[in-house]
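J.: What follows is a predicted structure for the sequence shown.
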Amino acid sequence: MTHHQPSRRRFLAGLGAAGTTALLSGCVTSTSSGNSSSKGAVTLQSNLSAPQAKAAMEDLVAAYGKQGNGKATLNTVAAETFRTQLPTYLTSANPPDIYTWYPGSVADAYAKKNLLLDLDDVWASSPDLKKYSKALNSLCTASSGKKVFVPMTYYWWGMFYRKSNFAKWGVSEPESWDDFLDLCDKLKSKGVAPIGLGAGGNTPWVASAWFDYLDIRINGAEYHRQLLAGKHRFDDPEVRKVFDRWQEVLPYFDPDGTAIPFQDATTSLLNGRSGMMLIGTFFADAAPKDALDDIDFFRFPVIDSKVPLAEEAPTDGCFASARTGRREQVSDLLSYVATAEAQEIYIKGSSGTVLPCHPDAKDAGTALVKKGRKHVEEAAEITQFFNRDSSDALQPTADNALTKFLAKPKDIGSILTDWQRDAEKIWTA
């Protein structure tokens, strides 16, 4: 089930200063869990494994420990390992207490299996969470009506590039889809791979950003959310239009796009081997600090001006295991994660490209972050990302279909038929 997406007005009511939590930020520390013992440190299982994000989480956990209310042990797991192991963590006999992950339909899918701790008391007792926007309240509420998530940061997706490279190549940000194709032509003529991807290795999910953006630009955010909820079919004519448009830009993709993971694609972008890349700001946590001032982005080009403008702005934070034996300590740590102090510590320690969810927390204040906040605020609709608007279980069906399309675009008819069949197995499970 996809979560309800707020209208622009409702979303911005609390997002302007508060924001939606980000992929990057993640929840803070947690005690090591176990349903038998209520003693010991809370274990926080974190997927924030990029060097700067990991260091930022360590700072946050250390700051929590200094408060004297409790101790937390941070277990950082490689992001892709975490993604595949999360269902195992949650169903184990002695699970970690708290996890950095995503709200919305992803969290709801686990909540429906009774795997997540009811956090109504945390939301009711925290003076900080009382300040959060209605949009974030909605995003953190399961279909049962219970709060199951505490948001921490949010971030945005866009077409990222290096300003110095664009200047060197004599090109500028495109305004329209035709401008975008012209930009690709110019870059290709200079021997540069116009579009980096990074859907190889263990990050095939990166390709879903192209599907998401083309769908919300052509069919709109509401159609997109309904599609991911099983209310439309992947072999519908509307979805076929997404791939017809995608085929127009396929010749401009890095030929290694499905051979290398996004971390290597990021390196190619920074080194000028590729020109631009549709990615979230989390990629900056693996970039050298001295490159950050040279990074800029532009909006994924509008294709149909009649379709309300939507942007992907995922929220990140934490949920907790329903089997934890350390309920009080878990609640205390999650309450801390919700504070402006905790979110500012995280932002300061990371690349600083995420935005805090707390309305009183300060962001990094850089030109890039100011542009990113404005970018999100200008959107009429906000989506999250493919798995966040559907489920972790549906993501592999997209990975499979989109990787096949990138390899054999002419087989799109049978690929979409197979995708629908695979998706139905998830929706009806």
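T.: Received it, and whenever you're ready, just let me know what you need.

J.: so what pLDDT did residue 50 get?
T.: We have a pLDDT of 88 for residue 50.

J.: Burial check on it, number of neighbours?
T.: Neighbour count for residue 50, taken as other Cβ atoms under 10 Å: 22. No exception for glycine: its C-beta is placed from N, CA and C like everyone else's.

J.: measure the closest residue to it other than its chain neighbours to residue 294 for me?
T.: Excluding its sequence neighbours, the residue lying closest to residue 50 (Cβ to Cβ, 6 or more residues apart in numbering) is residue 285, at 3.6 Å. Separation of residue 285 from residue 294 (Cβ to Cβ, to the nearest Å): 16 Å.

J.: Which one's more surrounded, the two?
T.: Taking other Cβ under 10 Å, residue 285 and residue 294 do not tie; residue 285 has more neighbours (22 against 17).

J.: Next, the contact list for the more buried one, please.
T.: Taking Cβ atoms under 8 Å, 6 or more residues apart in numbering, we find residue 285 in contact with 24, 48, 50, 51, 52, 53, 350, 351, 353.

J.: Let me know the closest of the residues you listed to residue 95.
T.: Checking these against residue 95 by Cβ to Cβ gives residue 48 as the nearest, at 18.6 Å.

J.: Confidence-wise, which helix or strand of this structure is lowest on average?
T.: helix 8-15 (a mean of 32; mean pLDDT, DSSP states H and E).

J.: how many neighbours does residue 382 have?
T.: So residue 382, with other Cβ under 10 Å, has 26 neighbours.

J.: and the helix or strand encompassing it, how far out from the chain's middle?
T.: Using DSSP states H and E, residue 382 sits in strand 381-383. Offset of strand 381-383 from its chain centre (Cα atoms, centre = their mean, to the nearest Å): 13 Å.

J.: next one: stretch 53-61
T.: Relative to its chain's centre, stretch 53-61 lies at 18 Å (Cα atoms, centre = their mean).

J.: now swap in stretch 152-172 and tell me
T.: For stretch 152-172, the distance to the chain centre is 18 Å (Cα atoms, centre = their mean).

J.: now do the same end-to-end measure for it.
T.: 34 Å (Cα to Cα, to the nearest Å).

J.: Check which residues of it are buried.
T.: Across stretch 152-172, burial judged by 16 or more other Cβ atoms under 10 Å covers 152-162, 165-166, 169, 171.

J.: related to what we said a few turns ago, show me the two of the contacts of residue 285 that sit farthest apart.
T.: 51 and 353 (14.1 Å).

J.: okay, the two: which has more neighbours?
T.: The neighbour count for residue 51 versus residue 353, taken as other Cβ under 10 Å, is higher for residue 353 (27 against 11).

J.: on that earlier part again, and whatever helix or strand comes next after the least confident helix or strand of the chain, what other elements does it pack with?
T.: Sequence-wise, the next helix or strand downstream of helix 8-15 (DSSP H and E) is strand 42-46. Under the contact criterion of 3 or more Cβ pairs under 8 Å, 6 or more residues apart in numbering; DSSP states H and E, strand 42-46 touches helix 51-66, strand 72-76, helix 79-91, strand 98-101, helix 327-337.

J.: tell me which residues in the fourth one are buried?
T.: Using 16+ other Cβ under 10 Å as the burial criterion, the residues of strand 98-101 that qualify are 98, 99, 100, 101.

J.: Also the third one?
T.: The neighbour-count criterion (16+ other Cβ under 10 Å) identifies 79, 80, 82, 83, 86, 89, 90 as the buried residues of helix 79-91.

J.: now swap in the first one and tell me
T.: Of the residues in helix 51-66, 52, 53, 54, 56, 57, 58, 59, 60, 61, 63, 64 count as buried by neighbour count, 16+ other Cβ under 10 Å.

J.: so can I have JSON lines of those residues showing distance to residue 114?
T.: Shown next, in JSON lines, are the buried residues of helix 51-66 (distance: Cβ to Cβ, whole Å):
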{"residue": "52", "distance to residue 114": "35"}
{"residue": "53", "distance to residue 114": "30"}
{"residue": "54", "distance to residue 114": "31"}
{"residue": "56", "distance to residue 114": "32"}
{"residue": "57", "distance to residue 114": "28"}
{"residue": "58", "distance to residue 114": "32"}
{"residue": "59", "distance to residue 114": "34"}
{"residue": "60", "distance to residue 114": "29"}
{"residue": "61", "distance to residue 114": "28"}
{"residue": "63", "distance to residue 114": "32"}
{"residue": "64", "distance to residue 114": "28"}
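
J.: and of those, the nearest to residue 302?
T.: Nearest to residue 302 among those, with distances taken as Cβ to Cβ, is residue 53, at 31.4 Å.

J.: quick one, strands of the stretch 51-200 of the chain?
T.: Using DSSP state E, counting those that start in this stretch, the strands of the stretch 51-200 of the chain run over 72-76, 98-101, 150-154, 157-162, 193-196.

J.: With distance to residue 42 and mean pLDDT as new columns, can the ones you listed be given to me in TSV?
T.: As requested, the strands of the stretch 51-200 of the chain are exported to TSV (distance: least, Cβ to Cβ, whole Å; pLDDT from 0 to 100):
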stretch	distance to residue 42	mean pLDDT
strand 72-76	5	96
strand 98-101	6	97
strand 150-154	13	96
strand 157-162	32	97
strand 193-196	39	98
